[in-house]
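Q: model this:
(2 chains)
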Amino acid sequence: MKNEPQAMRDVFIETLCQRMKKNKKIFFLSADFGSPKLDRLRFEHKDRFLNVGIAEQNLINVATGLALEGFSVYAYGLAPFISMRAYEQIRVNISLQSQLREININLISVGAGLSYEVSGPTHHCLEDITILRALPGLMFFSPSDWVLAQKLVDFSIKVKKPKYLRFDAKPLPPVCFAKEKIDLNQGFRVLKEGAKLCLVSTGYFTHTAMKVAELLGEEGIAVSVIDVFKLKPFASGLFQQAIKKFNFIVTLEEGFINKGGLDSIVAEIIGTKQRGIELIRLGFNDAYVFDIGNRQQLHKTVNLDQLSILKRVKKILKKSNNQE
Amino acid sequence: MQKRSNKFYGFLKKKSDWARRETLKIHKIAQETRLASSLSAVEIFSVLYYGKLIKFSSQDVRWDKRDRFIISKGHGAISLYPILADLGFLKKEELKDVCKYGSRLGGIPDPVIPGFETINGSLGHGLGVACGIAIALKRKKAKEKVFVLMGDGELYEGSVWEALMFAGEHKLDNLILIVDNNKVCMLDYCHNVIDLEPLGDKFSEFKWQVKRTDGHSVKSLYQAIKDLKDVKSQKPRVLIADTIKGKGVPRLEIDALSHIKNLKAEEVDVLLRGVV
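A: Residues are numbered from 1 along each chain as shown, chains lettered A, B, ... in the order given. Next comes the predicted model:
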């Protein structure tokens, strides 16, 4: 059971629902967005659940009012809408305000990247890392599996700061089965060790990175994989230590590249502290995806499927070997 | 209803006139302040604070038992500065430094200032935040009320209507909204932009308890707010206070662009010597 695919939101909500039994200061708001597990929460905790309707701006504002009165608030919605429809509400009432008053608001944003593949670009979310990283005071988590998502429940109750939790919508298996200790403050974990090249990924693409590394391993090529699950605040010093030995860093994200996402975080570190590393940014170029298909098919249209990434990585390593 | 004496209303009138003069003095030294918007709300602030319609503690600004007052039209709250100073939230000397380096009193108040609850500079947020506070107070079984001051121009923001629907549906009877209905936004009279009337009907349709009154008569204002506090109804309450933007400055009172008009120091001096 433990190794089965599960949706991050289901595990998160189920665990939170249990915590709500003892902790009477937790309040859950939804912008008319559901989940099978949410049905139980809203039945068991009627007095601390509210559906504000299809109204993301009001979702954030009502969450703010509750948080100012001491509640730990969970505001739940679809990723593109909670992040972009309500961006100014997040900026004013959460980011600005949290600099002056303690508020614990957790934005549960479901549908990272192309999670909702066939719903088209209105329901894809390729911008949230870029735009929400810009807001002071807001913590940004992007877990790659439900194990991490579950760990965020107690963390989010304990740490009384605003947080954005970027969840994939689809059931995914745990990234790895090792019982390694996950350090939420460090915010990244080394999943595989290799010599020259490191794949740095977040969210869904950590699964792709792991598969690419396994396929390379079968050919006798060892590459590293680092899963970044906390993008803000980012543990720059620790990360710089972790990547300094590599010649190549390949970033992988289900988001736009060259405009402030995971690739930019790594570029900022390499650019200011670490010379001699070549950065290859893999993600979505400056265009939306209108194609219809499943996630793997859509990834193939933009050369972000396993095979395309594998080829790309081998090309990088081949070029490097030829130079030596 | 408890009858209040003419002396009481005389006191409120005196305090309002004083706050209006002090607001002009602040504008004289801080030209960046939005004078006309602040002048339309003078009586509203005076009646709430000096009429003791809201519970507050100037010495313990986050006192549990305070009524929460969200001033959503933040730019139009300069007239509250002198009142807060008079009541001990601020030092009176601070009024001489509005908008100056090192002062906490800016052109738009932030919650670094004792007496201000929330961030208010951007319009259309206050009512939704107040809804959250109102729900929280109900869940905590607290008796305190949530007051919100909004401008009529602010009603153009879509987020306001999300909150209006929400408050009506959830019967937030601990929520009292006051609309400073001064009928002018930045570039024109509201009726020339998008006519908001019939405003009372709009609120009624959204399941609100509505009252409307002259927003410069301290007696009418006091009675209307008191009524809204006391009325037995499960609805959120709104007072539409009909006001005049730039009240007390004749040339602003008739100017569709009063929002962005400043008065020169000499003009303020003339007004202060005169009837204001």
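
Q: Show me the helices in the stretch 151-300 of chain A, by range?
A: Secondary structure of the stretch 151-300 of chain A (DSSP state H, counting those that start in this stretch): helices at A:205-218, A:236-243, A:262-273, A:295-301.

Q: buried stuff in the second one?
A: In this case it means helix A:236-243. A:F239, A:A242, A:I243 (16 or more other Cβ atoms under 10 Å in any protein chain shown). Where C-beta positions appear, they are placed from N, C-alpha and C, glycine not excepted.

Q: Which of the helices or strands spans the most far-flung residue of chain B relative to its centre?
A: Most distant residue from the mean C-alpha position of chain B: B:E266, 27.6 Å away (Cα atoms, centre = their mean). Element membership for B:E266, per DSSP states H and E: helix B:265-273.

Q: Packing partners of that helix?
A: helix B:6-29 (3 or more Cβ pairs under 8 Å, 6 or more residues apart in numbering or on different chains; DSSP states H and E).

Q: Can you lay out the helices of the stretch 151-300 of chain A as a markdown table showing mean pLDDT?
A: Below are the helices of the stretch 151-300 of chain A laid out as a markdown table (pLDDT from 0 to 100):
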| stretch | mean pLDDT |
| --- | --- |
| helix A:205-218 | 97 |
| helix A:236-243 | 95 |
| helix A:262-273 | 91 |
| helix A:295-301 | 97 |
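
Q: Of all those helices, which one is nearest chain B?
A: Nearest to chain B among the helices of the stretch 151-300 of chain A is helix A:262-273 (27.3 Å), distances taken as Cβ to the nearest Cβ.

Q: neighbouring contacts of the closest one?
A: The contact list for helix A:262-273 (Cβ atoms under 8 Å, 6 or more residues apart in numbering or on different chains) reads A:129-130, A:133, A:200-202, A:228, A:231, A:234, A:236, A:239-240, A:243, A:249, A:251-253, A:255, A:257-258, A:277, A:279, A:281, A:283.

Q: My guess is B:E162 contacts A:V62. True?
A: No: distance between B:E162 and A:V62: 9.2 Å, which falls outside the contact criterion (Cβ atoms under 8 Å).

Q: related to what we said a few turns ago, output the helix holding B:E266 as PDB, nothing but the C-alphas.
A: C-alpha atoms of helix B:265-273 as PDB (Å, rounded to 0.1, in the frame of the first residue of the first chain):
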ATOM      1  CA  ALA B 265      -1.100  76.400   2.000                       C
ATOM      2  CA  GLU B 266      -2.600  79.900   1.700                       C
ATOM      3  CA  GLU B 267      -5.900  78.500   0.600                       C
ATOM      4  CA  VAL B 268      -5.900  76.200   3.700                       C
ATOM      5  CA  ASP B 269      -5.100  79.200   5.900                       C
ATOM      6  CA  VAL B 270      -8.100  81.100   4.500                       C
ATOM      7  CA  LEU B 271     -10.400  78.200   5.100                       C
ATOM      8  CA  LEU B 272      -9.100  77.700   8.700                       C
ATOM      9  CA  ARG B 273      -9.800  81.400   9.400                       C
END
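
Q: follow-up on the earlier one: wait, which of the helices of the stretch 151-300 of chain A is closest to A:L114?
A: Relative to A:L114, the nearest member of the helices of the stretch 151-300 of chain A by Cβ to Cβ is helix A:295-301, separated by 5.5 Å.

Q: can you give me the angle the helix or strand just after the closest one makes with helix A:205-218?
A: For helix A:295-301, the following helix or strand on the C-terminal side (DSSP H and E) is helix A:306-323. Helix A:306-323 runs at 50 degrees relative to helix A:205-218, counting by axes from the mean of the first three to the mean of the last three Cα atoms, to 10 degrees.

Q: Pass me the low-pLDDT residue ranges in chain B, would you?
A: Counting by pLDDT under 70, chain B contains low-confidence ranges at B:1-2, B:275-276.

Q: Now it against chain A: closest residue?
A: Nearest residue of chain B to chain A (Cβ to the nearest Cβ) works out as B:G132 at 2.0 Å.

Q: CA atoms of the helix or strand hosting that residue as CSV?
A: Following DSSP H and E, one finds B:G132 within helix B:126-139. The C-alpha trace of helix B:126-139 is given here as CSV (Å, rounded to 0.1, in the frame of the first residue of the first chain):
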residue,chain,number,x,y,z
GLY,B,126,-11.5,45.1,2.9
LEU,B,127,-14.9,43.6,2.8
GLY,B,128,-13.7,40.1,2.0
VAL,B,129,-11.1,40.2,4.8
ALA,B,130,-13.8,41.5,7.1
CYS,B,131,-16.0,38.5,6.1
GLY,B,132,-13.2,36.2,7.3
ILE,B,133,-12.9,38.1,10.5
ALA,B,134,-16.6,38.0,11.0
ILE,B,135,-16.7,34.2,10.5
ALA,B,136,-13.7,33.8,12.9
LEU,B,137,-15.5,35.8,15.6
LYS,B,138,-18.6,33.8,15.3
ARG,B,139,-16.7,30.5,15.5
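
Q: hang on, the earlier thing: any idea which of the helices of the stretch 151-300 of chain A gets closest to A:S119?
A: helix A:295-301 (11.5 Å).

Q: Which strands and helices lie in contact with that closest one?
A: Secondary-structure packing of helix A:295-301 (3+ Cβ pairs under 8 Å, 6+ apart): helix A:306-323.

Q: what packs against the helix it packs on?
A: If you count contacts as 3+ Cβ pairs under 8 Å, 6+ apart, helix A:306-323 packs onto strand A:197-201, helix A:205-218, strand A:248-256, strand A:278-284, helix A:295-301.

Q: and those, which is most packed in?
A: strand A:197-201 (a mean of 27; mean count of other Cβ atoms under 10 Å in any protein chain shown).

Q: chain center to that one, what's the gap?
A: Distance, stretch centre to chain centre, for strand A:197-201: 16 Å (Cα atoms, centre = their mean, to the nearest Å).

Q: relative to helix A:236-243, how tilted is that strand?
A: Orientation check (the same axes, to 10 degrees): strand A:197-201 against helix A:236-243 gives 140 degrees.

Q: one step back: okay, B:E162 and A:V62: which has more neighbours?
A: Neighbour count, other Cβ atoms under 10 Å in any protein chain shown: between B:E162 and A:V62, A:V62 has more, with 32 against 24.

Q: I figured the more buried one hits B:I133, correct?
A: No: contact criterion Cβ under 8 Å: A:V62 and B:I133 do not qualify, at 9.1 Å.

Q: May I have the secondary structure class of the closest residue to chain B within the stretch 1-150 of chain A?
A: Nearest residue of the stretch 1-150 of chain A to chain B, counting by Cβ to the nearest Cβ: A:G65, 2.0 Å away. The three-state label given to A:G65 by DSSP: H, G, I helix; E, B strand; the rest coil is helix.

Q: Provide a list of residues in contact with it.
A: Contact analysis of A:G65 by Cβ under 8 Å, 6+ apart lists B:G128, B:V129, B:A130, B:C131, B:G132, B:I133, B:A134, B:I135, B:A136.

Q: Skipping its backbone neighbours, what lies nearest the last one in space?
A: Using Cβ to Cβ, 6 or more residues apart in numbering or on different chains and skipping residues adjacent in sequence, the residue nearest B:A136 is A:E69, 3.4 Å away.
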